[in-house]
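1. this one's sequence-less:
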């Protein structure tokens, strides 16, 4: 197996990851990478290797294990700093992680998610009305990402958290800045400070007027027992849930529509009942994962992973988009979008929502939103298609989120 002679540089505005992923996977399941600012790290790319790494008992999430950070060599304006330092589930280990996950989990029980179905269907219908109006004003063309794929998950997560309407647009703008990797240091610092201030205002509003929402429940838990959830953890938990609760589903819906428009035969299979909308969602998650490289995990000792040594304290990226197209796991046609692709009986179908203790808490909700969105969208606009060539779609900046900046569609032929 070929070993890379030099680390792969992850440029801040990398864009579509699949060509680079294929080259890296041809060399091995683990690749040394250079992050923005010259920070050295690793990426785990192979499906089987990543699955094992995500549940390895000697791999931590808490940034106290991040050597360069603890030694003071990471600047305040580093664009990936929030991923390492925010206080919440994604940066907690052991008992702390179980405590925070347990508090947040009450919003995502199967019963609570299923209760949201009828409301999500109503919201989807109203957003389709808005999409049609936007197309009418734009010569039959509308940006599906802006008018449909974005507001659906944003409204849902804000409803769950009890976020007042006045904060919602600003939260999307700020969370998008937090997850990008091509932001200037001063802008990164300003975005994080403003996002924390907005979320503090959200928490203050819910403290003053508690409701049947997760933020009110988290505040009640904090007030009942001050050791359970501090203010910093409260803000960190809200930040993580706002970002994960809409950015991932936004990319999932966008990528699924783009995939179906580019593969009309697969759309026909769904319409003929030979595959389900749930199959479309799962294949999109595998084939074009909404998150490309997710930061960070840190080995607590030197680990040998698929023949490569990862030193203790190294920041490691989970390469979800690469794992989804790993031929070793998904066969020689891993690059093909196939909604009838059978799941392997001996392995998970994909890792795009994580694996192990940190598996995405909102996965059932994301699947519900995407399934409802796609079914209602193509039922109402069966001739929907891209309004520009596929290669004219600009990818998102950065290497964390994986999608396109806009998705211009024509609703009718």
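-> Yes, it's here. As the structure is a computational prediction, the values presented were derived from the model and not from experiment. Numbers count the residues shown, from 1 in each chain.
2. and the residue nearest to residue 55 when sequence neighbours are not counted, how many neighbours does it have?
-> Counting by Cβ to Cβ, 6 or more residues apart in numbering, the nearest residue to residue 55 once its immediate chain neighbours are dropped is residue 356, at 3.4 Å. All C-beta atoms are positioned from the backbone trio N, CA, C, and that covers glycine. The burial metric for residue 356, expressed as a neighbour count using other Cβ atoms under 10 Å, is 14.
3. Residue 386 contacts residue 408, correct?
-> Yes - assessed by Cβ atoms under 8 Å, residue 386 is found in contact with residue 408 at 7.0 Å.
4. Strands along the stretch 101-250 of the chain, start to end?
-> 141-143 (DSSP state E, counting those that start in this stretch).
5. Which residue ranges of it form helices?
-> Counting by DSSP state H, counting those that start in this stretch, residue ranges of the helices within the stretch 101-250 of the chain are 110-115, 117-137, 144, 151-161, 165-179, 185-208, 214-224, 231-262.
6. Buried residues, the first one. List them.
-> When burial is assessed from 16 or more other Cβ atoms under 10 Å, helix 110-115 yields the following buried residues: residue 113.
7. Let me see the mean pLDDT of it.
-> Along helix 110-115, the predicted local confidence has a mean pLDDT of 87.
8. Give me the distance from that helix to the chain's centre.
-> On the basis of Cα atoms, centre = their mean, to the nearest Å, helix 110-115 is displaced by 21 Å from the centre of the chain it belongs to.
9. I'd like to know which elements that helix is packed against.
-> Where contact means 3 or more Cβ pairs under 8 Å, 6 or more residues apart in numbering; DSSP states H and E, helix 110-115 is packed against helix 363-380.
10. Show residues contacting the helix it packs on.
-> Residues outside helix 363-380 that contact it (Cβ atoms under 8 Å, 6 or more residues apart in numbering): 108, 110, 113-114, 116-117, 120-121, 124-125, 128, 148-149, 152-153, 156, 245, 248-249, 252-253, 256-257, 260, 267, 270-271, 277-278, 280-281, 284, 353, 360, 384.
11. Recalculate using a threshold of 6 Å.
-> Judged by Cβ atoms under 6 Å, 6 or more residues apart in numbering, the contacts made with helix 363-380 from elsewhere in the structure are 113, 120-121, 124, 128, 152-153, 249, 252-253, 256, 277-278, 280-281, 353.
12. Just flag the most distant two among those.
-> 128 and 353 (25.8 Å; Cβ to Cβ).
13. ok so, going back, would you agree the residue nearest to residue 55 is in contact with residue 54?
-> Yes - applying Cβ atoms under 6 Å, one finds residue 356 in contact with residue 54, separated by 4.7 Å.
14. which residues in the stretch 301-413 of the chain form helices?
-> For the stretch 301-413 of the chain, the helices defined by DSSP H, counting those that start in this stretch occupy 320-324, 327-330, 363-380.
15. What average pLDDT does the last one get?
-> In this model, helix 363-380 carries a mean pLDDT of 97.
16. Residue 46 contacts residue 29, correct?
-> Yes - with the criterion set as Cβ under 6 Å, residue 46 and residue 29 qualify as a contacting pair; they are 2.8 Å apart.
17. Quick check: nearest residue in space to the most centrally placed residue in the chain, chain neighbours excluded?
-> Within the chain, one residue has its C-alpha closest to the average C-alpha position: by Cα atoms, centre = their mean, that is residue 248, at 3.3 Å. Spatial nearest neighbour of residue 248, excluding adjacent residues (Cβ to Cβ, 6+ apart): residue 290 at 4.8 Å.
18. What ranges in the stretch 301-413 of the chain fall below the confidence cut-off?
-> Counting by pLDDT under 70, the ranges of the stretch 301-413 of the chain that qualify are 344-347.
19. So which bits of stretch 289-309 are buried?
-> Residues of stretch 289-309 classed as buried under the neighbour-count rule (16+ other Cβ under 10 Å) are 289-300, 303, 305-306, 308.
20. so what's residue 97 closest to, chain neighbours aside?
-> residue 89 (6.1 Å).
21. Next one, pLDDT for the one you found please.
-> The per-residue pLDDT reported for residue 89 equals 88.
22. count of neighbours near it?
-> Number of residues near residue 89 (other Cβ under 10 Å) recorded here: 26.
23. how far away is it from residue 368?
-> Summarising the geometry, the distance separating residue 89 from residue 368, computed by Cβ to Cβ, to the nearest Å, is 21 Å.
24. same deal with residue 262?
-> Residue 262 is 25 Å from residue 368, where distance means Cβ to Cβ.
25. The two: which is more packed in?
-> The residue with the greater number of neighbours, taking residue 262 and residue 368 and applying other Cβ under 10 Å, is residue 368; the counts read 21 against 13.
26. Roughly how far does the more buried one sit from residue 392?
-> 32 Å.
27. How far away from the center of its chain is stretch 375-391?
-> 23 Å.
28. Is the nearest residue to residue 304 once chain neighbours are set aside bridged to anything, and to what?
-> Beyond its immediate neighbours in the sequence, the residue positioned closest to residue 304 (Cβ to Cβ, 6+ apart) is residue 310, lying 7.8 Å away. For residue 310, the beta-bridge assignment (DSSP bridges) gives partners residue 303.
29. wait, what's in contact with residue 310?
-> 42, 299, 303.
30. Partner strands of the helix or strand encompassing the first one and their direction?
-> It stands for residue 42. Here residue 42 is covered by strand 39-44, with elements defined by DSSP states H and E. On the basis of DSSP bridges, the sheet neighbours of strand 39-44 come out as strand 30-35 (antiparallel), strand 316-319 (parallel).
31. just to revisit the earlier point, of all pairs in the buried residues of stretch 289-309, which one is the farthest apart?
-> Every pair in those was compared (Cβ to Cβ); the two farthest apart turn out to be 290 and 300, at 28.9 Å.
32. where does residue 102 land on pLDDT?
-> We have a pLDDT of 87 for residue 102.
33. Same question for the strand holding residue 42: list its buried residues.
-> Of the residues in strand 39-44, those with enough neighbours to count as buried (16+ other Cβ under 10 Å) are 39, 41, 42, 43, 44.
34. ok, then the element right after that strand?
-> Past strand 39-44, heading to the C-terminal end, the next element that is a helix or strand (DSSP H and E) is helix 47-54.
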